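1. give the three-dimensional model of this entry:
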Amino acid sequence: MSQSISRLRNIGIAAHIDAGKTTVTERVLFFTGVNRKMGEVHDGQATMDFMKQEQERGITIASAAITTQWRDHQINLIDTPGHVDFTIEVERSLRVIDGMIAVFCAVGGVEPQSETVWNQADKYRVPRIAFVNKMDRTGADFNEVVEQMNKYLGANAVPLHLPLGAEEHFEGMIDLISMKSVVFSEKERVESEISEDMLPKAIEARKELIEKISDYNDEVAMLYLEDEHIPAELLMSAVRDATLKLLITPVFLGAAYKNKGIQLLLDAVIDYLPSPVDVGAIIGHDVDNEEKTYSRGPSNNEPFSALAFKLINDPFVGQQTFIRIFSGTLKSGMSFYNATKEKNERAGRIFRIKAKEREEIKEAGAGEIVALVGLKYARTGDTLCDDDHPILLESIHIPPAVIELKVNSEDRKDHKKLSEALAKLSNEDPSFRAHFDDETEETIIAGMGELHLEIIVDRLKEEFAVPVVIGEPSVSFRETIGIAQESNYKHVKQSGGKGQYAHTVIRFEPNQGKGFEFMDVSKGGVVPNEFISSVQKGIKKALTKGPLAGYPVVDVKAVLLDGSHHAVDSSDMAFQICASLCFKQGFIKGNPILLEPVMKIEINTPDDYIGNVTGDLNKRRGRIESMRRFRKGAQKLSGFVPLMEMFGYATTLRNVSSGRANYSMEFYQYMPMPMAKQEEIVKAKQEENK
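-> Residues are numbered from 1 along each chain as shown. As a prediction, the model looks like this:
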């Protein structure tokens, strides 16, 4: 069993791609003694990037969990990807961590994905500290990054460090709490008194820190107003308190690659980020009644409750289910209830994970993050709890898949192998979906972006040894109804013996942004009670393939107005078929609309190329919403653009900016497409299905 719960830290490291997150993690593992040797991202040796695809591309794809120790505290660390195609990994990690380190590049500052991650952390109310990395790089500017954090993230950033030098002259920092100078030689940190030339700057910076903190702490404010000395312990506890309440973001600095600043960052995790006790009880609701809520405190004596947040297929032990325990104790071999799936599960073995290594433990308590082997039903977002005290915790938001690809096994013999591999991959990654289209006899996979599907195809070939042939990527459209339409349909079938009879009158209405809703206002039992759910089922089935072009139908409200039945010939199946055909008839008359995924895009470009970049984006039906100074001589453009116009954009952007602009995009929402485009797509789809 681990030490006391107050000595636990569950933290995530998140940032924009290339801010140096994984390098920071590697240094953390080295300095805490997990690794004897430092792994590097660029040579494919990073501990946390242990998937072949991560090593080849030098990026993090799957969030990896690892347990380590520092200053008698246990730290469960989750490294998350910076690429927007893997945003589900960040989302599910934020759901189970208590605190976060946001890493920023001292040159790049606040980049598009830093904003996305920051907003996700705001949503889950995760306290965070910031680490400005790469202070040794040409163009590093600590103050500029702090300013950007305040301007673009509303972070209320409070520097606790002052840099000693910058770029190639970067040596270390002044710790504004202890008022000591810290420099690094090799892997050692050397503390000393602040040099005379830096002392006035340090005194001024500490004064600014105290001024900010006195807004949140009366004791600090009193001493400050009376011009009294403020002890380091008091200042630390005031900073910790304001951080936990999400009032401020303490900012630290360093150069992870050069081993500078990592020990101080680890100290900051212990000193300023919350333990499960600080976070307090989690609220869940009754399995059968959403109105009824329960709370579970972070204690080993409460009933067991946990959230499954990640699945990994391990070639040695089979499927590993990562869980965060919120309350109670879990012992190996123990049975518990999966409240989401309404099934009983049993924990075969419990592991504490050290990236690729695993340590088997007999039990785990509240606040811990562990991996279980032997679960049959658990998937991402499922609640696991005590049989006698069931509870349902808030699940994990899964964004819609927006891009599709046709994949087929090279050899028909491998078809079964392909479908098994896809099933495993979609269990692991809920933002990835796969289905078999009976009409075209093709397997369609869908994901968050081109890179996401590229990695999946790679894994099919490498990990699962299934050679596949892939088609062109295509966009996953949706269909919806444009105007309210009443539809009256009678389904009658006589074929000797018992026939089929069902009759429904249903009004279909647009239901923007609210998904599918069903309402029954029919009177006098015209449609018997036992067949109301059949009507709903029939419509739901029809929604999977819209009548316009065969895409899923969204945002429709169906109101059952009237109908009739036959004492003998009416059945569940008859009403399902009738409702489905009634929907198709009404939908086609209701001015159907094709919706396309629109992406939020951010482009960083030097001033010289703004004309080229905006001109190209306009051709792609994109619109620029705002432009802001990114750094000297460069602008950050933000706007929206339809995904279908963005294939091959990376190459075009390189060409129009001489390779100096970069971009990032993420799914924004589904929006109606222009009628001319809609007609084009419907026509192409009809040709394809001939």
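2. counting by contacts, list what the helix ranked longest in the chain packs against.
-> When the chain is parsed with DSSP state H, its longest helix is helix 572-589. Judged by 3 or more Cβ pairs under 8 Å, 6 or more residues apart in numbering; DSSP states H and E, helix 572-589 is in contact with strand 485-493, strand 500-510, helix 529-543. All C-beta spots, glycine's among them, are computed from the backbone N, C-alpha and C.
3. and the closest residue to Cys105 other than its chain neighbours, what does it touch?
-> Nearest non-adjacent residue to Cys105, counting by Cβ to Cβ, 6 or more residues apart in numbering: Ala19, 4.4 Å away. Counting by Cβ atoms under 8 Å, 6 or more residues apart in numbering, Ala19 touches Gly82, Val103, Phe104, Cys105, Gly108, Glu111, Ser114, Asn133, Lys134.
4. most neighbours among the residues you listed, please name it.
-> In terms of neighbours by other Cβ atoms under 10 Å, the contacts of Ala19 top out with Asn133 at 30 neighbours.
5. distance of it from Val182?
-> In this view, Asn133 and Val182 are 16 Å apart by Cβ to Cβ, to the nearest Å.
6. now swap in Ala121 and tell me
-> For Ala121 relative to Val182 (Cβ to Cβ), the value is 28 Å.
7. same deal with Gln320?
-> Per Cβ to Cβ, Gln320 is found 39 Å from Val182.
8. the more surrounded of these two?
-> Gln320 (24 against 21).
9. what ranges does the stretch 1-150 of the chain have for its strands?
-> 8-15, 64-70, 73-79, 99-105, 128-133 (DSSP state E, counting those that start in this stretch).
10. where among the ones you listed is average confidence lowest?
-> In terms of mean pLDDT, the lowest-scoring of those is strand 64-70 (a mean of 80).
11. please name every helix or strand in contact with that strand.
-> If you count contacts as 3+ Cβ pairs under 8 Å, 6+ apart, strand 64-70 packs onto helix 21-31, strand 73-79, helix 262-272, strand 349-354, strand 369-373.
12. following the last one, which helix or strand shows up next?
-> Elements were assigned by DSSP states H and E; along the chain past strand 369-373, the next helix or strand is strand 383-385.
13. contacts for that next one?
-> With contact meaning Cβ under 8 Å, 6+ apart, strand 383-385 is reached by 284, 303-308, 323, 336-340, 345, 378, 391-393, 395.
14. among these, which are in strands?
-> Of the contacts of strand 383-385, the ones assigned to strands by DSSP state E are Gly284, Ser305, Ala306, Leu307, Ala308, Ile323, Phe336, Tyr337, Asn338, Glu345, Leu392, Leu393.
15. how about a markdown table for these, with pLDDT, neighbour count and distance to Ile75 added?
-> Converted to a markdown table, the ones in strands among the contacts of strand 383-385 look like this (pLDDT from 0 to 100; neighbours: other Cβ atoms under 10 Å; distance: Cβ to Cβ, whole Å):
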| residue | pLDDT | neighbour count | distance to Ile75 |
| --- | --- | --- | --- |
| Gly284 | 94 | 22 | 26 |
| Ser305 | 97 | 27 | 22 |
| Ala306 | 96 | 29 | 19 |
| Leu307 | 93 | 26 | 19 |
| Ala308 | 90 | 26 | 21 |
| Ile323 | 92 | 26 | 18 |
| Phe336 | 96 | 21 | 26 |
| Tyr337 | 96 | 22 | 30 |
| Asn338 | 96 | 20 | 29 |
| Glu345 | 95 | 21 | 28 |
| Leu392 | 94 | 20 | 29 |
| Leu393 | 92 | 24 | 23 |
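16. good, we can wrap up now.
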